[in-house]
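**Student:** With the input below, show me the fold.
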Amino acid sequence: DRRPSPPVGIASWSKMLAPTVVAAFAAALLVTIPACVAEEPSSRTFSVISSVDGKTMDVHALVAGPQQGSPMSKGTVVLLHGAAFSADTWNKIGTLDALSTAGFHAVAIDIPGYGRHLSGSHKLPPRTREAFLSDFLTAMGVRSEEKVVIVAASMGGSVGGPFVAHHPSRVAGYVPIAAVVESELSSQSPQHLASVPALILWGEHDHPESAKAEAYKRLFPVHQMYVFPDAPHPCYLKDPALFNALLTEFMSLAHQPVRVHAAKVGVGGRDAVSVRARW
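**Tutor:** As a prediction, the model looks like this:
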């Protein structure tokens, strides 16, 4: 019988090799695999003093990446979740990991009154909400001359929008994800916001041609819009890897000139992000 013998399995090979050889092989294999998993974000509570009424509130946030303001940090990114979500959403979809790996100091805020109420169960009154992000950055120790990128999903625009409207010089870039347009923002002129590049993100099934989407394109002369194909209102949940890639690309190459790009990236298109944050 000259039929070939069956192939020797991995288990059989391990029995044939000396234990020390197998151990050395495994160690060498581990060394060759890059360490691509970032550390878990830290859970922090900031004492935020309201500039409106002087009251102090404890605000929870997840923090990842190099220390804020350190030479290792490429910049600070603030993430604001939607009404049905929390700071941990950005952790679960890998955004904190992606930003940290790219060298950014990422801060995902648990907005008071939402999520698991880690920042309290009471929602912010309108006037307090308008000043909230500025007060939070003060509690973080971010200097007024330091720029930040703001990512606001849906309801998060009620916190991010007023800050962009009142402090455009402090904003390196704005990423509204089908975010609400507060009156503080909608009342601004495009000239007032001309220094703020915007990456506008929308889901295909969330009316990307709506008046709200058009308002963003009108308000921010330097912008690019990307429509996630076959995606709902929280479009980042449809394709987290694409979302994280677009976000990190928007914040990279900070010192290259930003050109005006007012055209919508086609649905399903993989065009590169043509606008960049201005740190």
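
**Student:** Strands along the stretch 101-250 of the chain, start to end?
**Tutor:** With DSSP state E, counting those that start in this stretch, the ranges of strands along the stretch 101-250 of the chain come out as 105-109, 148-153, 171-177, 198-203, 223-228.

**Student:** Distance from the chain centre to the longest one, please.
**Tutor:** Average the C-alpha atoms of strand 171-177, do the same for its chain, and the two points are 10 Å apart (Cα atoms, centre = their mean, to the nearest Å).

**Student:** for the record, mean pLDDT for it?
**Tutor:** Computed over strand 171-177, the mean pLDDT rounds to 98.

**Student:** partners of it, with directions?
**Tutor:** strand 148-153 (parallel), strand 198-203 (parallel) (DSSP bridges).

**Student:** what are the C-alpha coordinates of it, in CSV please?
**Tutor:** In CSV, the C-alpha atoms belonging to strand 171-177 read as follows (Å, rounded to 0.1, in the frame of the first residue of the first chain):
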residue,chain,number,x,y,z
VAL,A,171,-12.0,75.0,18.2
ALA,A,172,-9.6,73.1,15.9
GLY,A,173,-12.5,71.2,14.3
TYR,A,174,-16.1,70.3,14.7
VAL,A,175,-17.6,66.9,13.9
PRO,A,176,-21.4,67.0,14.1
ILE,A,177,-23.0,63.6,13.7
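
**Student:** which outside residues touch it?
**Tutor:** 75, 82, 147-154, 156-157, 160-161, 163-164, 196-202, 216, 220, 234-236, 247, 250-251, 254, 275-279 (Cβ atoms under 8 Å, 6 or more residues apart in numbering). For every residue, glycine as well, the C-beta is placed using N, CA and C.

**Student:** Whichever of the residues you listed end up buried, select them in ChimeraX.
**Tutor:** Listed next is the ChimeraX selection for buried residues among the contacts of strand 171-177, using 16 or more other Cβ atoms under 10 Å:
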select :75,82,147,148,149,150,151,152,153,154,156,157,160,161,163,164,196,197,198,199,200,201,202,216,220,234,235,236,247,250,251,275,276,277,278
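
**Student:** sorry, back to before: and the strands paired with strand 171-177: which comes nearest residue 131?
**Tutor:** Closest approach to residue 131 among these (Cβ to Cβ): strand 148-153, 14.6 Å.

**Student:** angle of that closest one against strand 105-109?
**Tutor:** 40 degrees (axes from the mean of the first three to the mean of the last three Cα atoms, to 10 degrees).

**Student:** worst-scoring helix or strand of the protein, pLDDT-wise?
**Tutor:** Every helix and strand of the chain was ranked by mean pLDDT, DSSP states H and E. The lowest is helix 19-32, at a mean of 35.

**Student:** helices and strands around the next helix-or-strand element following that one, which ones?
**Tutor:** Using DSSP states H and E, the helix or strand that follows helix 19-32 in sequence is strand 42-49. Contacts defined by 3 or more Cβ pairs under 8 Å, 6 or more residues apart in numbering; DSSP states H and E place strand 42-49 against strand 56-64, helix 126-140.

**Student:** Partner strands of strand 42-49 and their direction?
**Tutor:** Strand 42-49 is paired, per DSSP bridges, with strand 56-64 (antiparallel).

**Student:** mind listing what's buried in the partner strand?
**Tutor:** Quick answer for strand 56-64 (16+ other Cβ under 10 Å): 57, 59-64.
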